[in-house]
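> Just to be clear, the model below is a prediction. Sequence and coordinates:
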Amino acid sequence: MLKLQNMSFQSRSEAIINESMAIKRAMLLDTHLLAVIDRAVHYCLETYQNDGKLLFCGNGGSAADAQHLAAEFSGRFYKDRAPLFAEALHVNTSFFTAVCNDYSFEEVYARNVEAMGRVGDVLFCISTSGNSVNIIRAAQRAKRHKLKVIAMTGKSGGNLAKHCDLLLNVPSSDTPRIQEAHILIGHIICELVEAEYFS
């Protein structure tokens, strides 16, 4: 994280952009991460080829990212094409608030996975720390019901790393920079899936 107290706003902006670029350069040189992105694309293609769907979950900014990426699949990315089934699990506020009230916040995504998930579907679990209890429970429930789990986290992967099939861990521990990289990775996956599936 940058020390910005004694810098001008322009210098701060430049420093933040440089930090974001440095993380992306590290990703570009990380052959393992690039290979995992490749596998994630294949998971999604295989799911759609078998009439499955993608589910996304996250908290806070990661919930916004979940909704953003689901929309890229279900709406369109570059191509004017048929929609693909993708959904962010927090968008039904009546369900979300009822489960939080009647069960617990920790259970809300797991219960939704159980309701919506089917064998062979893919669950994207987005957590910068990798330690959000409700996201980990969703991953565990997904594995129990034979969904594939792709985790998008920061550098350590947190406890979520033990409960996923693929770990897309951005080489950073700074939440905003991780979230920026998550959107980049999500856009890469969507672009490649769309290009291949609708070729």
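Looks like it came in fine. Numbering: from 1, shown residues only.

> Low-confidence ranges, the chain, go.
The chain contains residues with pLDDT under 70 at 1-5.

> now do 50
Nowhere does the chain drop to pLDDT under 50.

> Identify the residue nearest the geometric centre of it.
The centroid of the chain falls nearest to Ile126 when counting by CA atoms, centre = their mean (4.0 Å).

> Run through the residues that contact that residue.
Phe56, Cys57, Gly58, Ser62, Ala63, Asp65, Ala66, Ile135, Ala151, Met152, Thr153, His182 (CB atoms under 8 Å, 6 or more residues apart in numbering). Quick note: C-beta positions are derived from backbone N, CA and C, even for glycine.

> then the longest helix along the chain to CSV, C-alphas only?
In terms of residue count, the longest helix belonging to the chain (DSSP state H) is helix 175-197. C-alpha atoms of helix 175-197 as CSV (Å, rounded to 0.1, in the frame of the first residue of the first chain):
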residue,chain,number,x,y,z
THR,A,175,-8.1,-4.7,-1.6
PRO,A,176,-8.7,-2.1,-4.3
ARG,A,177,-5.8,-3.4,-6.4
ILE,A,178,-7.1,-7.0,-6.1
GLN,A,179,-10.6,-5.9,-7.1
GLU,A,180,-9.2,-4.1,-10.2
ALA,A,181,-7.4,-7.3,-11.2
HIS,A,182,-10.5,-9.4,-10.5
ILE,A,183,-12.4,-7.4,-13.1
LEU,A,184,-9.5,-7.8,-15.6
ILE,A,185,-9.4,-11.6,-15.1
GLY,A,186,-13.2,-11.8,-15.3
HIS,A,187,-13.2,-9.8,-18.6
ILE,A,188,-10.5,-12.1,-20.0
ILE,A,189,-12.5,-15.2,-19.2
CYS,A,190,-15.7,-13.7,-20.6
GLU,A,191,-14.1,-12.5,-23.8
LEU,A,192,-12.4,-15.8,-24.4
VAL,A,193,-15.5,-17.9,-23.6
GLU,A,194,-17.7,-15.7,-25.9
ALA,A,195,-15.2,-15.8,-28.7
GLU,A,196,-14.8,-19.6,-28.6
TYR,A,197,-18.4,-20.5,-27.8
